[in-house]
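S.K.: turn this into a structure:
(chains A and B)
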Amino acid sequence: MDFTPIWLTLKLAAITTLLLLVIGLPVAWWLSKGRAIGKVILEAIITMPLVLPPSVLGFYLLLAFSPQHGLGKWLQQAFNIQFVFSFQGLVLASVIYSMPFMIGPIKSALQQLPVSLSQASYSLGKNKWQTFIKVLVPNIRPSLLTAIVLTFAHTLGEFGVVLMIGGNIPGITRVASIAVYDSVEQMDYSTANAYSLILFGITFILVISVFIFNKYRLKSPLE
Amino acid sequence: MISIDIEKKLKVYLGQQVLKIAAQFPPGSITKIYGPSGAGKTTFLKIIAGFIQPESGKIIAQNATWLDTSAKINLPPQKRMAGFVFQDYALFPNMTVRQHLEYATEDAKWIKTLLEIGKLETLTTHKPQHLSGGQQQRLAILRALAIKPKLLLMDEPFSALDAGMKSALIKDLKRLFSEQGTTVLIVSHNQQELDGLADRELIFRDNSY
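M.R.: Here you go, the predicted model:
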């Protein structure tokens, strides 16, 4: 059995999760404060991948980043970057597709923290960034962990969106979920089963770990 | 001298209320604030600290303008550095007793003094969830004192303390306030609670309509 799709999937999930953590924390923090119309619209856009068929998202990403048209053409000519049928394209699609899984739990957790925690920190002379890093983030650890694992696990299971923008190029865009589909197409059920079992096992271990960790360690920091 | 003249509309059940306060607090004075629930006592303290902005008004502390709505001046809480003891304590669940004080100040000697005043020397590694209500309240007071504020705002700071602890703490705090020339505003439901500590009082009335 070729393990490349598994490694590629894990690599994609790790990079996507890391990028989304960096993007998601400040965005979730910003969204958690107030309900201005701009924030509501941005939150709706971020939430769209939850309900949109993955193939629709993949199709529009394919159009947007096609080297023959507008943005994709410009990226190709100006920076020699190609998102279609490349690993970086998978990363881009995964970041967009998994964004609600990272931002949703973090935003909800931040909203549930008493506002007096931030105010207490400000009264000690700490700025907003110091307060965020030293007070707010440490007190949403269970939700942060949940967001990280959900994002990672969700990226492992992506199919439609990565197939649309990445295709099925061995060693570059052929992730495990596509390898399963490809094996079934070729009537190679034992290989499909092997890939499926590995994905199932990794996902199960991740999800059960979060449940156990949150149950015993950090049910709620405010309880 | 701290000079305050503010006006803020408060939303109350089935109506509105206007919080309109004009008062001056001499340096080193300790003022007891009391009045009916919902009269705006906590809001008043939060306006002074910079957490809430009033519709109009002016706050001048030690010749520095903290707030002047007509001149569009509104210093953030970080610049005002008024010590604040929250009614719900607002302790940081992720920090131990010592870490709370270290977050506020790097002065190890001062931290040691504060821990002695609050009788928390043996609990320095405990997090808030492992402290009693009284211990949490004392930690909230110590944290506010850690920055050596010129103005200290206390919202029901002694409500969870037993009589003995309250009396000892008030005695120590009175000495500390006097040494540091701290101006103190204390909100309390209990008029007698602060006898012997406060030298002035400010009474809030219900102005709902």
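S.K.: helices along the chain, start to end?
M.R.: Reading this off chain A. According to DSSP state H, chain A carries its helices in the segments A:4-32, A:37-51, A:54-65, A:70-79, A:87-112, A:115-123, A:128-131, A:141-156, A:160-166, A:176-185, A:189-216.
S.K.: try again with chain B
M.R.: B:41-49, B:77-80, B:97-104, B:108-117, B:133-146, B:163-180.
S.K.: contacts only, for B:Q62.
M.R.: Under the criterion of C-beta atoms under 8 Å, 6 or more residues apart in numbering or on different chains, the neighbours of B:Q62 are B:M1, B:I2, B:P27, B:K150. Every residue, glycine included, has its C-beta placed from N, CA and C.
S.K.: just the residues you listed now: which is nearest chain A?
M.R.: In terms of C-beta to the nearest C-beta, no member of these lies closer to chain A than B:K150, at 12.8 Å.
S.K.: so how many other residues sit close to that closest one?
M.R.: By the criterion of other C-beta atoms under 10 Å in any protein chain shown, B:K150 has 18 neighbours.
S.K.: get me the contact residues on chain B for chain A.
M.R.: B:46, B:49-51, B:76-78, B:81-84, B:86, B:88, B:90-94, B:103-104, B:129, B:143-144, B:146-147 (C-beta under 8 Å from any C-beta of the partner chain).
S.K.: mind giving me the ChimeraX select for those, buried ones only?
M.R.: In ChimeraX syntax, the buried subset of the residues of chain B next to chain A is picked out as below (16 or more other C-beta atoms under 10 Å in any protein chain shown):
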select /B:46,49,50,51,77,78,81,82,83,84,86,90,91,92,93,94,103,104,143,144,146,147
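S.K.: do you know which of the helices of chain A lies nearest B:L173?
M.R.: helix A:115-123 (17.7 Å; C-beta to C-beta).
S.K.: what helices and strands are in contact with that closest one?
M.R.: Using 3 or more C-beta pairs under 8 Å, 6 or more residues apart in numbering or on different chains; DSSP states H and E, the elements in contact with helix A:115-123 are helix A:128-131, helix B:41-49, helix B:77-80, strand B:83-85.
S.K.: so what touches the last one?
M.R.: Meaning strand B:83-85. The contact list for strand B:83-85 (C-beta under 8 Å, 6+ apart) reads A:119-120, A:123, B:45, B:49, B:140-141, B:144-145, B:147, B:149, B:151-155, B:157, B:182.
S.K.: go on, stretch A:67-75?
M.R.: Outside stretch A:67-75, the residues within contact range by C-beta under 8 Å, 6+ apart are A:L63, A:A64, A:F65, A:S66, A:Q76, A:I81, A:Q82, A:F83, A:V84.
S.K.: if we can go back for a sec, out of the contacts of B:Q62, who has the most neighbours?
M.R.: Tallying neighbours with other C-beta under 10 Å puts B:I2 at the head of the contacts of B:Q62, with 21 neighbours.
S.K.: was I right to think that one contacts B:A61?
M.R.: Yes - B:I2 lies in contact with B:A61 (C-beta atoms under 8 Å); the separation is 4.7 Å.
S.K.: got any residues that touch both of those two?
M.R.: With contacts taken as C-beta under 8 Å, 6+ apart, B:I2 and B:A61 have B:L151 as neighbours in common.
S.K.: any idea how far the nearest residue to B:H126 once chain neighbours are set aside is from B:L123?
M.R.: Counting by C-beta to C-beta, 6 or more residues apart in numbering or on different chains, B:H126 lies nearest to B:V97, which is 5.6 Å off, once chain neighbours are set aside. In this view, B:V97 and B:L123 are 5 Å apart by C-beta to C-beta, to the nearest Å.
S.K.: one step back: export the helices of chain B as TSV, with columns for distance to A:Y97 and mean pLDDT.
M.R.: Listed next are the helices of chain B as TSV, based on distance: least, C-beta to C-beta, whole Å; pLDDT from 0 to 100:
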stretch	distance to A:Y97	mean pLDDT
helix B:41-49	42	94
helix B:77-80	39	95
helix B:97-104	39	97
helix B:108-117	49	95
helix B:133-146	43	94
helix B:163-180	56	87
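S.K.: quick check: which of those helices is nearest to A:V149?
M.R.: Nearest to A:V149 among these is helix B:97-104 (27.6 Å), distances taken as C-beta to C-beta.
S.K.: export only the CA atoms of that closest one, formatted as CSV.
M.R.: The C-alpha trace of helix B:97-104 is given here as CSV (Å, rounded to 0.1, in the frame of the first residue of the first chain):
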residue,chain,number,x,y,z
VAL,B,97,-2.6,33.9,43.9
ARG,B,98,1.0,34.8,43.3
GLN,B,99,0.6,35.0,39.5
HIS,B,100,-2.3,37.5,40.0
LEU,B,101,0.0,39.8,41.9
GLU,B,102,3.0,39.2,39.6
TYR,B,103,0.8,40.1,36.6
ALA,B,104,0.1,43.5,38.2
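S.K.: list the buried residues of it.
M.R.: Residues B:V97, B:R98, B:H100, B:L101, B:E102, B:Y103, B:A104 are the ones in helix B:97-104 that count as buried (16+ other C-beta under 10 Å).
S.K.: which helices and strands does it pack with?
M.R.: Contacts defined by 3+ C-beta pairs under 8 Å, 6+ apart place helix B:97-104 against helix B:108-117, helix B:133-146.
S.K.: residues in contact with it?
M.R.: For helix B:97-104, the external contacting residues (C-beta under 8 Å, 6+ apart) are A:121, A:124, A:126, A:134, B:91-92, B:95, B:111, B:114-115, B:120, B:123-127, B:131, B:139, B:142-143, B:146-147.
S.K.: now the contacts of stretch A:67-75: which count as buried?
M.R.: A:L63, A:A64, A:F65, A:S66, A:Q76, A:I81, A:F83, A:V84.
S.K.: any idea of the pLDDT on the first one?
M.R.: Per-residue confidence for A:L63 comes out at a pLDDT of 90.
S.K.: skipping its backbone neighbours, what lies nearest it in space?
M.R.: A:H69 is the one closest to A:L63 (C-beta to C-beta, 6+ apart), at 6.8 Å.
S.K.: tell me, how many residues neighbour the one you found?
M.R.: 11.
S.K.: between the buried ones among the contacts of stretch A:67-75, which sits nearest chain B?
M.R.: Within these, proximity to chain B (C-beta to the nearest C-beta) peaks at A:F83, which comes in at 39.7 Å.
S.K.: who's in contact with that closest one?
M.R.: By C-beta under 8 Å, 6+ apart, the contact set of A:F83 is A:L61, A:F65, A:G72, A:L75, A:G89, A:L92, A:I165.
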